[in-house]
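**Q** Provided below are the primary sequence and the corresponding predicted coordinates.
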Amino acid sequence: MEKTDTFVIVPTYNEADNLDDLVAQLLDLPVPVGVIVVDDNSPDGTGQLADQWAEKHPNLVYVVHRPGKLGLGTAYIAGFKKALSELGAARIMTMDADFSHNPRYIPDMIALSAQKHVVIGSRYVPGGGSANCTWKRIWMSKIANFVARFFLGLKAKDATAGFRLYRQEVLASIPLELIFSSGYSFLVEMLFMCQRRGWQIGEVPIIFEDRRKGTTKISRQEVYKAMYTVFRLFVRRLRGGEPRRPAVPISS
């Protein structure tokens, strides 16, 4: 019987062009991983495609259907809860459905999770980078990272990356229901909470590729929300509103 304790959460909205290839590549990796598709009622039938994969691989592919677009952060939380409470996952990963995060890096990320509590697929460590991205997108990413690192004291080089692995104990320590951010700024808030709790964070170099099919989901409104999230967390940091704990040792 197919079985794994590592699950990859893939939030989707209108990703029918990418989903089949992505799930096939994930299930074909040399390390066993399961997939949790969190679909926001995609009009293009992404949710139905995911259901077909779940029927073919009932122990590896799961689908969470939501009534509409409720935000990236809440999609991740829905996937976290599914992985932790229902599937007993030891490692939970997040990635985009558009192949900007290539599945080939997952084995290295899982390997590093034996030494780190949180592993980031990073553009900004030696060996990492971006491909086929516009200069505007690259500079927007670099500025967002600088702002998050400067104001929040984040140590990770790629603080805004959505390609991540969390060990089970990390997510269990965070009050997910109290996270304010719902969009892409959720990623910054999660990293802030992980670091403040003393979890050890590592980075694996990746080449971030611009999406192959479909359209980007990042809007101007998301940029404004991210700016507000950094300001809100900066104030919280100054007030000592988030616990600051010493580094936690790695357990088996």
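**A** Alright, I've got the coordinates. Numbers count the residues shown, from 1 in each chain.

**Q** Where does the prediction get shaky in the stretch 101-250 of the chain?
**A** By pLDDT under 70, the weakly predicted segments of the stretch 101-250 of the chain are 211-220, 222-223, 241-243.

**Q** all helices of it, in order?
**A** 106-112, 135-152, 168-172, 185-196, 220-239 (DSSP state H, counting those that start in this stretch).

**Q** Nearest to Leu70 among those would be which one?
**A** With CB to CB as the measure, helix 185-196 is the member of the helices of the stretch 101-250 of the chain nearest Leu70 (11.7 Å). Quick note: C-beta positions are derived from backbone N, CA and C, even for glycine.

**Q** rewinding a little: hey, which of the helices of the stretch 101-250 of the chain is tucked in deepest?
**A** Highest mean neighbour count among the helices of the stretch 101-250 of the chain (mean count of other CB atoms under 10 Å): helix 185-196, with a mean of 23.

**Q** tell me the contacts of the residue nearest in space to the middle of the chain?
**A** In the chain, the C-alpha nearest the mean C-alpha coordinate belongs to Thr94, at 3.2 Å (CA atoms, centre = their mean). Contacts for Thr94 (CB atoms under 8 Å, 6 or more residues apart in numbering) come out as 8-9, 11, 76, 79, 162-164, 166.

**Q** Check those and tell me the two furthest apart.
**A** Longest span within the contacts of Thr94, CB to CB: Pro11 and Tyr166, 15.1 Å.

**Q** before we move on, the earlier item: dig out what the residue nearest to the centre of the chain forms beta bridges with.
**A** Ile9, Arg164 (DSSP bridges).

**Q** ok so, going back, put together CSV for the helices of the stretch 101-250 of the chain, with distance to Glu203 on each row.
**A** Output for the helices of the stretch 101-250 of the chain, formatted as CSV (distance: least, CB to CB, whole Å):
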stretch, distance to Glu203
helix 106-112, 8
helix 135-152, 12
helix 168-172, 15
helix 185-196, 11
helix 220-239, 20
